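K.L.:
any chance you could fold what I've pasted below:
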Amino acid sequence: MLPPVGVCLDCPAELGSESAVFEPAQQSDVVSSHSSPFCSPESATALSGDQVLGLGPTLPLTSVNQALQPPPSWSHPCHPAVVNSTVIFYITMDDEPLGRVSFKLFADNVPKTVENFHALSTGEKVFGYKDSGFHRIIPGFMCQGGDFTCHNGTGGKSIYEEKFNDENFILKHSSPGILSMANTGPNTIRSQFFTCTAKTEWLDGKHVVFGMVKKGMNIVEAMEHFESRNGKTSKKITIADCGQI
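P.N.:
The predicted structure is shown next:
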């Protein structure tokens, strides 16, 4: 299900301008010829155990892992504790527990983006996602949060500086549960993110995918019930606590 006209992901309020008009791109315009049918071997393991299912053709995990192995001299830019780590959000609705959502982060593909999200989730930089909310929810599309400075979709900041550049667009918006960064245009990443509740391939090449829901997709889907017609939430949806597991 595509977002309604009037919904835009590239707008001054980071996916939050109500006056902007959304024009979906054609799939051929945004999917590269060498894009992978899966996100990462880690997401495949979480989804299916022994095989990659649901994100494209069924492939043995051994073949997937061999294809994505870095060269012997390669050194990961992230701290070892961050590499392909899992973070968890404890979600509340009007201060009542709603449930837990965990995310697998793909530092092998986008280490700088993952480092930012990981640090904001653990609070190691003093500021971060704890006690911030999801300010925009559109059923059949996405749930957006991460504005811990203004709490309305116009704020947020990264751990590096106010904004940083798009790292790459290797990973695709290939299924529900994809975790991606919001922005106000090219190279304007701060702290706002969104979790897809549908396949949103028209966002490929515009937003940096860096993770995927590992557990708790039912909680993300439950959050969709608290939307309103303009995307603002009808209930207060909050990240009451968060961290690494």
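K.L.:
low-confidence ranges in this structure?
P.N.:
Applying pLDDT under 70 to the chain flags the ranges 1-83.
K.L.:
same thing but at 80, please
P.N.:
1-84, 229 (pLDDT under 80).
K.L.:
in it, which spans are helices?
P.N.:
Per DSSP state H, the chain carries helices over the ranges 27-30, 41-48, 61-67, 111-122, 217-223.
K.L.:
distance of the closest residue to His207 other than its chain neighbours relative to Glu167?
P.N.:
The shortest distance from His207 to any residue other than its chain neighbours is 4.6 Å, reached at Ser180 (Cβ to Cβ, 6 or more residues apart in numbering). All C-beta atoms are positioned from the backbone trio N, CA, C, and that covers glycine. With the distance defined as Cβ to Cβ, to the nearest Å, Ser180 ends up 12 Å from Glu167.
K.L.:
what residues does the residue lying closest to Glu224 once chain neighbours are set aside make contact with?
P.N.:
Distance criterion Cβ to Cβ, 6+ apart; nearest residue to Glu224, sequence neighbours excluded, is Pro139 at 4.3 Å. By Cβ atoms under 8 Å, 6 or more residues apart in numbering, Pro139 lies in contact with Met1, Thr197, Glu224, His225, Glu227.
K.L.:
could you give the backbone dihedrals for the second one?
P.N.:
Thr197 has phi and psi values of phi -110, psi 10 when expressed as degrees, to the nearest 10.
K.L.:
that one contacts His173, correct?
P.N.:
No - if you go by Cβ atoms under 8 Å, Thr197 and His173 don't touch, sitting 11.3 Å apart.
K.L.:
and Val126, how many neighbours does it have?
P.N.:
5 (other Cβ atoms under 10 Å).
K.L.:
how far away is it from Lys236?
P.N.:
In this view, Val126 and Lys236 are 24 Å apart by Cβ to Cβ.
K.L.:
does Met212 really touch Ile178, like I thought?
P.N.:
Yes - the criterion here is Cβ under 8 Å, and Met212 meets it with Ile178 at 5.7 Å.
K.L.:
returning to that earlier point: compare neighbour counts for Thr197 and His173 and give me the winner.
P.N.:
His173 (26 against 23).
K.L.:
list the residues that contact that one.
P.N.:
Ser180, Cys196, Lys199, Thr200, Glu201, Trp202, Leu203, Asp204, His207, Val209.
K.L.:
repeat the analysis, applying 10 Å as the threshold.
P.N.:
Counting by Cβ atoms under 10 Å, 6 or more residues apart in numbering, His173 touches 30-31, 39, 142, 179-180, 194, 196, 198-207, 209.
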